[in-house]
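Chemist: Sharing a sequence plus its predicted fold:
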Amino acid sequence: MAINKMFVMLPVMLAARKLDGEDPDVVFMLRCAYGVVQTLAVITTLFIYMKASAASKDKANAVKIYVPPPPQPFADPNAKTKYQEKILSDHLVTTARGLIGSTLFGICMTVGLHLWKGMVVGLAIQSVMAPFNMAENALASALFLKGGFANLREKRIFGEKFRNEMTPEDDVVNADGEAVVLKKEAAAPAKGKSFEEVLLDTWDLGADADIK
C-alpha cells in the first residue's frame, strides 16, 4: 500500500521549524544532507531520462494512448475524467524532461532562499521529502519498482487507456485543452481460410455431391 506523502510532510514541517538556523553546526549538517540527497536525485533523474529515451525508440511504444490527469488533493471525486491524447513514446520523453526540470527548479529555489534569506526549513524538508517525491513519479516507479520500461503497453504506468478501450462517454482533449472527436476504428479484415480449411470444405462438398 502506498504511503500518503502528507502523513510524512506535516511532521517534517513541524520538526523543521524547530531547527536553530543560527547554529552553524546545524546549518552545516543540513547543507551536507541536502547536497547529498539532491545530488543523488539529479543523477537519478538523468538516469531515468536516458532509459526513457531508449524506450521511446521501441516501435512498440509508438502508439496512441489516452492519459487521465494526475490526481489532485482537492479535486471533485465525481468530476468526469478528461483524457489527454498522447503518443506513448513521446510522453515518455516529455515526462522525463519534466522530472529533470522540476528537480532542478526545486534546487534553485531552495538554495536561492537559503542564500538570500538564510532559510534552513527548505533544506530540511527537501532532504527528507525528495525520495517520496521521486517515488510518486510514474517513470521512477516503473523503472525501480516495476521491472523497468519493458512491456509498457501491459504495465500502463500512466494509468492510460488505448483506443479500443475508449467509450463514447469518455472526454478526450489534446495538449491545448481542445476537445478531440475520436474516429471509429476500421473493421478488422476478414481472415482468409487456411489450406487445411479449404481442403476440408472441398472434401465435404464432394461427400455431399456423392450422397445426392
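Modeler: Looks like it arrived, so ask away. Numbers count the residues shown, from 1 in each chain.
Chemist: where does the protein dip in pLDDT?
Modeler: Where the chain drops to pLDDT under 70, the residues are 1-4, 72-78, 175-178, 183-212.
Chemist: how far is the longest strand belonging to it from where the chain is centred?
Modeler: Longest strand in the chain by number of residues (criterion: DSSP state E): strand 82-87. Distance, stretch centre to chain centre, for strand 82-87: 13 Å (C-alpha atoms, centre = their mean, to the nearest Å).
Chemist: Please point out which parts of it sit buried.
Modeler: Residues of strand 82-87 classed as buried: 83, 84, 85, 86 (neighbour count, 16 or more other C-beta atoms under 10 Å). All C-beta spots, glycine's among them, are computed from the backbone N, C-alpha and C.
Chemist: Tell me where the protein has helices.
Modeler: Ranges of helices in the chain, per DSSP state H, are 5-16, 24-56, 88-117, 121-136, 138-145, 152-155, 195-211.
Chemist: Mean neighbour count and distance to residue 171 added to these, as CSV?
Modeler: CSV is the format used below for those (neighbours: other C-beta atoms under 10 Å; distance: least, C-beta to C-beta, whole Å):
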stretch, mean neighbour count, distance to residue 171
helix 5-16, 13, 28
helix 24-56, 16, 27
helix 88-117, 16, 18
helix 121-136, 18, 25
helix 138-145, 18, 21
helix 152-155, 14, 23
helix 195-211, 9, 44
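Chemist: Dump those helices to TSV, plus distance to residue 67.
Modeler: Output for these, formatted as TSV (distance: least, C-beta to C-beta, whole Å):
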stretch	distance to residue 67
helix 5-16	21
helix 24-56	15
helix 88-117	7
helix 121-136	16
helix 138-145	10
helix 152-155	13
helix 195-211	42
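Chemist: Which one, of the ones you listed, ends up nearest to residue 62?
Modeler: helix 88-117 (5.1 Å; C-beta to C-beta).
Chemist: Now do the closest one against helix 121-136, angle only.
Modeler: Using axes from the mean of the first three to the mean of the last three C-alpha atoms, to 10 degrees, the inter-axis angle of helix 88-117 relative to helix 121-136 is 170 degrees.
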